[in-house]
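Visitor: fold the following and give me the result.
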Amino acid sequence: MISINNLTVSFGGFTLFDNVNFHINENDKIGLVGKNGAGKTTILKIVAGIIAPSGGAVQQPSEITIGYLPQEMEYSKKSTVIEETLKAFSHIKTIEERIAKINKDICERTDFESDSYHDLIVKFNELNDKLNLYGTINPQALSERILKGLGFSRSDLDRERATLSLGWNMRIELAKILLRKPDILLLDEPTNHLDIESIRWLESYLQGFRGALVLISHDRRFLDSVTNRTVEIMLGKINDYKVPYTKYTQLRRERLEQQKAAYDNQQKLIEKTEDFIERFRYKATKSNQVQSRIKQLDKLDRIEVEEEDKAKLYLKFPPAPRSGNVALKSIDVKMSFGEKCIFDKANITIERGEKIALLGKNGEGKTTFMRLITGELTPVSGRIELGHNVSLGYYAQNQEDLLNKEDTVFETLDNAATGDVRTKLRDILGSFLFRGEDIDKKVAVLSGGEKSRLAMAKLMLKPYNLLALDEPTNHMDIRSKDILKQALLKYDGTLVIVSHDRDFLDGLVNKIYEFKDGAVREHLGTFEEFLSRKNIESLDELELEKSALKAAPEAKKQENVVPVDQNLKREQEREQKRKEAKIEKCEKRIEELESKIASAEKELAGVTDAVKILSLVEGYEKLKKELNSEMEEWEKLHNNQ
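Guide: Got it, this is the predicted structure:
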């Protein structure tokens, strides 16, 4: 469907991609992975036609439709939620206007036998057919259904966009894209501003989406649930795996191990062969053998071990100055916006050294409470007190609004730094992977992940003893998230964190405040103990409790629904079983081949005879080719399910 050929992208002498090739097929669900700054967003923008590559081409059918959701966007704030969402159906109005224009042309013309008149009639009929197809659609009902899935209540539909946060406005843009039903969806970190309930709804929607999908996400579970192919970007090159994320990590590790083993064995062969040539080069009795070995080396397909990007974030928070025993206390705090009460009688006590999580659905007041802590907002009633000698470091969720886009990376830190730390700014930036010319980049050109790292680097400029972090892992790649978690575990100050990432919270916090239904409830103990007491297995279920209860009566109604055509259903089930049998057979063959390849590698590692090594390497390469063929067959079977 879309073919990316010999793609090259360069910025001011730096090459981001060099002759990259890959294809997006009709039913592909691709997870685009790689470190922050590797070029994932750039790929999406090129496919969407927003930017042009330095070299190469993107080939796609002219009639294809693309829906692109960027990380950051500009949007009109003058419409209501439902008014803006209904703009997704503007193409219907465009069709009606084109039909009216063609109809007028037909009425005015008299050249009934001409080719152009005939073409006009054909186009008129095509547009009418398309309009009739849309005639069964109820735009209002469809819009409300999608908005509800993304977390909006009926009372939100008439709200002005100007009153909504960036995250809620992003959901409106996502709703518009889904309602247009494009041939291909390009989604750049769509879950960053969603709560778990909305993430689960989006998962379900994308699983049933019939077009192609290219997705950037740092959520392991979301990638595994939605994708069937993983495209890795590393050091300007592409590695394509026909499996979801978790399986990709296993295959990638195994492939690199196999590659290293094959490389080591080939080097042994080359060394032995070169030694033989050197020893007998000038012996007439061995000249034929020497020439034969030289030809063998010339024909040998040299194995190269792929270069890995081993650069990683280095994070260590400065030692926290000692504060009083109570770092923060809220007493009967009430917060509301207009008539809407967010929470009331919030009593929270955070002691020195505690690591606290604020949990709850979006809109329940977690970020509002963070802004109360920092003094950005003032409570309607009650009070919030910081403890003795508390210095507060705050990481806001909307970093793109807080960083000056005209400053460079270096200037961002330089403007905030004071005292001796100014002499260490380059070292601090280096530990956050801003090196060389990176420090002269404007904030405006940074990726979402790079902005997150830069904002986190600002927290290193001063030794804070209370860190308030609001969704710090948004935009962070998976490796960086793990490093941040380890740094926070070692941090000796007090931590208050908002996050929907269970993997990140596991083992990190020792007390939880749950924001729910206008109240704040304290839960002592670890995150795992909190889940156990709630008698649930995951944070997903916590956030889905309420919606599940509401859905129960509707589910009861569905129990008595009978399929219209039982015969068709049975035939579909039989066909599905046949496909599953083929997939199972293919998977067994893949296991056999992987086992044989592993055995061949062990045998190669123990062989010293040069002739036997050549024979084993040849067999090893045949097994690898057969494995690749089986993997392709497995992919076709899955795509046709």
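Visitor: helix, strand or coil: sort out I350 for me.
Guide: For I350, the assignment made with DSSP: H, G, I helix; E, B strand; the rest coil gives strand.
Visitor: dump the residue contacts of it.
Guide: Applying C-beta atoms under 8 Å, 6 or more residues apart in numbering to I350 gives the contacts 326-329, 356, 494, 496, 511. For the C-beta atoms, the positions are set from N, CA and C on the backbone; glycine is no exception.
Visitor: try it again at 10 Å.
Guide: By C-beta atoms under 10 Å, 6 or more residues apart in numbering, I350 lies in contact with 326-330, 356, 373, 387, 390, 466, 494-496, 511, 513.
Visitor: next: V290.
Guide: 276-283.
Visitor: residues touching the residue most central in space within the chain, list them.
Guide: Central residue of the chain (C-alpha atoms, centre = their mean): S217, 0.6 Å from the mean position. The contact partners of S217, taken as C-beta under 10 Å, 6+ apart, are 31-33, 40, 187-192, 199, 223, 226-227, 245, 478.
Visitor: pLDDT at it, what is it?
Guide: Among the per-residue scores, S217 holds a pLDDT of 89.
Visitor: need phi/psi at it.
Guide: Backbone geometry at S217, expressed as degrees, to the nearest 10, gives phi -160, psi 150.
Visitor: what's the separation between it and V509?
Guide: 23 Å (C-beta to C-beta, to the nearest Å).
Visitor: got it, and L413?
Guide: Using C-beta to C-beta, one obtains 29 Å as the distance from L413 to V509.
Visitor: again with I216
Guide: Distance from I216 to V509, by C-beta to C-beta: 28 Å.
Visitor: can I get the CA coordinates of stretch 321-335 in PDB?
Guide: Extracted C-alpha coordinates of stretch 321-335, given in PDB (Å, rounded to 0.1, in the frame of the first residue of the first chain):
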ATOM      1  CA  PRO A 321      18.700  18.500  52.000                       C
ATOM      2  CA  ARG A 322      17.000  17.400  55.300                       C
ATOM      3  CA  SER A 323      13.500  18.700  55.800                       C
ATOM      4  CA  GLY A 324      11.100  18.500  58.700                       C
ATOM      5  CA  ASN A 325       9.300  15.300  59.500                       C
ATOM      6  CA  VAL A 326       6.200  16.400  57.600                       C
ATOM      7  CA  ALA A 327       7.000  17.400  54.000                       C
ATOM      8  CA  LEU A 328       3.500  18.300  53.000                       C
ATOM      9  CA  LYS A 329       0.100  18.500  54.500                       C
ATOM     10  CA  SER A 330      -3.300  19.400  53.100                       C
ATOM     11  CA  ILE A 331      -6.200  20.100  55.500                       C
ATOM     12  CA  ASP A 332      -9.800  19.900  54.400                       C
ATOM     13  CA  VAL A 333      -8.900  21.100  51.000                       C
ATOM     14  CA  LYS A 334     -11.800  21.700  48.500                       C
ATOM     15  CA  MET A 335     -11.200  22.500  44.800                       C
END
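Visitor: buried residues, that stretch. List them.
Guide: Of all the residues in stretch 321-335, those buried under the rule 16 or more other C-beta atoms under 10 Å are 323, 326-330, 333, 335.
Visitor: if anything else comes up later, I'll come back, but that's it for now.
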